[in-house]
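1. Sequence and predicted structure are below.
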Amino acid sequence: MQASPSADTGHPLPTRGALFASRCPSRQLFQHVTSLWAVLILVTLRDEGRLRFSDLRRRAEGVSEKMLAQTLQTLARDGLVERHARPVVPPHVEYTLTPLGQDIAAHVHALVDCVEGNLMRSLQAQVAA
């Protein structure tokens, strides 16, 4: 794992992980980014731009309000999603991708395209098994 000093602590921060190592910090980010709900959020925000919570919930059929909120919080904590709250009644909250989120969402979108493009082959393999 390569490291560079942190401006805040002076301790080295990893610049690239070793995904196969059990304590690699990239594993946690990988887990967050590849969860079903995160994939749907990242792809939706990439395609649609700024969206309200209710719009995201409508697009990600089957997600509970609690799971969507947790996933958005996780993605925000990871620096992928930005929460924009307007001080109005009722509260008006919107979500957008950060530059990091846009970068990762582009790769997630490519994975989604690959999975959907090969869906029939996978379904045929499942039937044949």
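-> Looks like it arrived, so ask away.
2. Any stretches of this structure with poor pLDDT?
-> Scanning the chain for pLDDT under 70 picks out 1-17.
3. the helices in it, which residues?
-> 25-33, 36-48, 53-59, 65-77, 99-117, 119-128 (DSSP state H).
4. So for residue 87, which of those helices sits nearest?
-> With C-beta to C-beta, the closest approach to residue 87 among the helices of the chain belongs to helix 53-59: 16.2 Å. For glycine as for every other residue, the C-beta is placed from the backbone atoms N, C-alpha and C.
5. With residue 102 as the reference, measure out to residue 92.
-> According to C-beta to C-beta, to the nearest Å, residue 92 and residue 102 sit 23 Å apart.
6. Distance-wise, check residue 114 relative to residue 121.
-> 11 Å.
7. What of residue 35?
-> Using C-beta to C-beta, residue 35 is found at 24 Å from residue 121.
8. For these two, indicate the residue with more neighbours.
-> Legend: neighbour count by other C-beta atoms under 10 Å for residue 35 and residue 121, higher for residue 35 (16 against 9).
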